[in-house]
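>>> turn this into a structure:
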Amino acid sequence: MDVLMGGRVAEEIIFGANHVTTGASSDLQQATNYARAMITQWGMSSKCGPMYHTERELEKLSPATREAIESEVKELLVAAEGNAKRILSQHKEELHKLAQGLLHHETLSRAEINDLLTGGEAKLAKTKAKGKLKVEAKVGEVKAG
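Below is the predicted model:
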């Protein structure tokens, strides 16, 4: 769940709380589904205890029980968000480098991310240029064949 909260938290750190996009909605949905499953299906609830409820059973629970479940779900999500903030804040310099690289190049491979973080934009540009030459060479081979 920490990873799922990371995208939204990264946007908040980079662009500010007032400029977070809706791009993280799918991540939030997935994190919420995991948290709810932890509480209602996997027995990982400190307040409600070890239990399993189907979707139909959840609809029939008392308002107090549903409220307790949602409270624990929220606690898990807030904790995950806090973990993501702590981790990204500890690595703020790398986060900013990565954000700038993505803003300039839109997509980055694992190797390109490593180059960006270890050598900056100059090293990344060299890697991108090498990759472009390889692609162009392969395209030339196909055309010649």
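>>> residue contacts, the residue nearest to residue 92 when sequence neighbours are not counted?
Closest residue to residue 92 apart from its sequence neighbours, by Cβ to Cβ, 6 or more residues apart in numbering: residue 13 at 6.9 Å. C-betas here are computed from N, CA, C, even on glycine. For residue 13, the contacting residues are 85, 88, 89, 92, 95, by Cβ atoms under 8 Å, 6 or more residues apart in numbering.
>>> pLDDT weak spots in the chain?
Along the chain, the model assigns pLDDT under 70 to residues 120-145.
>>> quick one: the strands in it, in order.
Taking DSSP state E as the criterion, the chain contains no strands.
>>> circling back to that earlier point, can you add distance to residue 59 and give the contacts of residue 13 back as CSV?
As requested, those are exported to CSV (distance: Cβ to Cβ, whole Å):
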residue, distance to residue 59
85, 34
88, 37
89, 40
92, 44
95, 41
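>>> buried subset of those?
With neighbours counted by 16 or more other Cβ atoms under 10 Å, the contacts of residue 13 contain buried members at 85, 88, 95.
>>> roughly how far apart are residue 83 and residue 74?
Remark: distance between residue 83 and residue 74 (Cβ to Cβ, to the nearest Å) = 15 Å.
>>> and what of residue 59?
Counting by Cβ to Cβ - residue 59 and residue 74 are separated by 19 Å.
>>> which one's more surrounded, those two?
Between residue 59 and residue 74, residue 74 has the larger neighbour count (other Cβ atoms under 10 Å), namely 12 against 9.
>>> verify the stated contact: residue 19 with residue 8.
No: using Cβ atoms under 8 Å, residue 19 makes no contact with residue 8, being 11.6 Å away.
>>> tell me which of those two has more neighbours.
residue 8 (20 against 9).
>>> isn't the more buried one up against residue 17?
No: contact between residue 8 and residue 17 fails when scored by Cβ under 8 Å: they sit 10.3 Å apart.
>>> what ranges does the protein have for its helices?
2-15, 25-40, 55-60, 63-90, 92-105, 110-144 (DSSP state H).
>>> and the ones you listed: which comes nearest residue 47?
Closest approach to residue 47 among the helices of the chain is made by helix 63-90 (5.5 Å; Cβ to Cβ).
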